[in-house]
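>>> here is the input, now give the coordinates:
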Amino acid sequence: MHRNAKTTRHHGFTLIELLISILIISILIGLLLVGIRQAVSAANKTAGIQDMNSLNIAIQTFKNDWGFLPPLVKDGYPGTPGAGQDPLVKVGSGRTLHYNPNVYDLSNAIDLEFLQDDSDPDYRFSVHSLAYYIMGALGEEADYIDGPGAKEPLPNGSFNQLTNKSYEPLFDPKTGQISQTSNDATEGRIVLQDARGNAYRYYRWEHATPSTPGYDANDPIANLRLPNIFGSAQLPGVSPATENVELRSAGYAIVAAGRDGVFGDIPVESKASIEEALGKSFGSPEEAEDAARQDNIVEVGR
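Alright, predicted model coming up:
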């Protein structure tokens, strides 16, 4: 007796079907990675903005408590009144040896003129001021407190050794946000930096007055003498200074580099370094500045 055999066929993926499936999966993974990167970038920017808001509040707290803004420490850039100098100045010797912050003095004609100067190079900022005055990150030989915090600050930038008044850090940094670039704390190379390791800049400037060289009675915007980081008298994404009351009355700013790690002013960030960081070429330094400035985070106050 013969049995009819029933044959069963097993269908598998053809090569074309397999390739299409791989392509679809690759596209989905790519979209997922793009979404994750965008979410991480947005979260980092939000965190950066929150830090900047907190720093601005800290500066206002400092001003309210002591009656003046944190002084601007001289970073020693070429072409500045403090060119080649350290941010701390040795005072005294032996048992009386201590270190005072080397700051711009508004009663000094040269310092005042520099803070009213709107020409390149524009180094009217410090990477040390926030660490010194907001964090009290200097050693006992400078701010007379061992560890974070400081004794009463004085308008001339020094700290009052002969007082019981002191204050705790005004900003709560995350791990790694305070960086000491020298093993010798007396050199004062201490900065407050963002999560990417870029130091925050604290800008100070002075508006021009009728006695200031180059004062223009017909151009009040030019007399604001705003730092170049703002671009053409304008903050990123807002109206020009003629319509921006906050910017017109501003006397200081905190600026973070942002995700790209570069600032929108050429004196420190050259056109080539901006192009390298952003991965694109620009026809002029001004175009490079504008592109870098889009990612900067700016907080202003007075």
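>>> now the helices: where do they sit in the protein?
The residue ranges that make up the helices of the chain, judged by DSSP state H, are 15-66, 109-115, 129, 140-143, 245-248, 271-278, 285-293.
>>> TSV please, covering those helices and showing mean pLDDT, distance to residue 220 and mean neighbour count.
The way it works is simple: take the backbone N, C-alpha and C, and place the C-beta from them, glycine included. Supplementary listing: the helices of the chain in TSV, determined by pLDDT from 0 to 100; distance: least, CB to CB, whole Å; neighbours: other CB atoms under 10 Å:
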stretch	mean pLDDT	distance to residue 220	mean neighbour count
helix 15-66	84	25	13
helix 109-115	95	18	15
helix 129	97	28	30
helix 140-143	93	39	20
helix 245-248	74	8	15
helix 271-278	87	31	16
helix 285-293	87	23	19
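>>> how about the ones you listed, which one is nearest residue 155?
When these are ranked by distance to residue 155, counting by CB to CB, first place goes to helix 15-66 at 8.3 Å.
>>> follow-up on the earlier one: now distance to residue 208 too, for the helices of the chain, in TSV please.
Conversion of these to TSV gives the following (distance: least, CB to CB, whole Å):
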stretch	distance to residue 208
helix 15-66	23
helix 109-115	10
helix 129	23
helix 140-143	33
helix 245-248	13
helix 271-278	28
helix 285-293	23
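>>> going along the chain, name the strands of this protein.
For the chain, the strands defined by DSSP state E cover 88-91, 98-101, 125-126, 150-151, 166-167, 178-180, 190-192, 201-204, 252-256, 297-301.
>>> strand partners (parallel or antiparallel) of the third one?
Under the criterion DSSP bridges, strand 125-126 sits next to strand 201-204 (antiparallel) in its sheet.
>>> then the second one?
Using DSSP bridges, strand 98-101 pairs in its sheet with strand 88-91 (antiparallel).
>>> show me which positions of the partner strand end up buried.
The neighbour-count criterion (16 or more other CB atoms under 10 Å) identifies 88-89 as the buried residues of strand 88-91.
>>> pull the residues that contact it.
Applying CB atoms under 8 Å, 6 or more residues apart in numbering, the set of residues contacting strand 88-91 from outside is 97-102, 138, 142, 186-188.
>>> helix or strand with the lowest mean pLDDT in this protein?
Ranking every helix and strand in the chain by mean pLDDT, DSSP states H and E puts helix 245-248 at the bottom, with a mean of 74.
>>> residue 299 and residue 57 touch, don't they?
No: no contact is recorded between residue 299 and residue 57 when judged using CB atoms under 8 Å, the distance being 9.5 Å.
>>> so for residue 199, which of the helices of the chain sits nearest?
Go through the helices of the chain one by one with CB to CB and the one that ends up closest to residue 199 is helix 129, at 10.7 Å.
>>> per-residue pLDDT, residue 117?
What the model reports for residue 117 is a pLDDT of 88.
>>> again, but for residue 100
95.
>>> quick check: it touching residue 158?
Yes: taking CB under 8 Å as the definition, residue 100 is a contact partner of residue 158 at 4.4 Å.
>>> excluding chain neighbours, what is closest to residue 61?
residue 170 (5.4 Å; CB to CB, 6 or more residues apart in numbering).
>>> next one: phi and psi at that neighbour?
When read as degrees, to the nearest 10, the backbone of residue 170 gives phi -100, psi 0.
>>> neighbours of it, just the number please.
Number of residues near residue 170 (other CB atoms under 10 Å) recorded here: 21.
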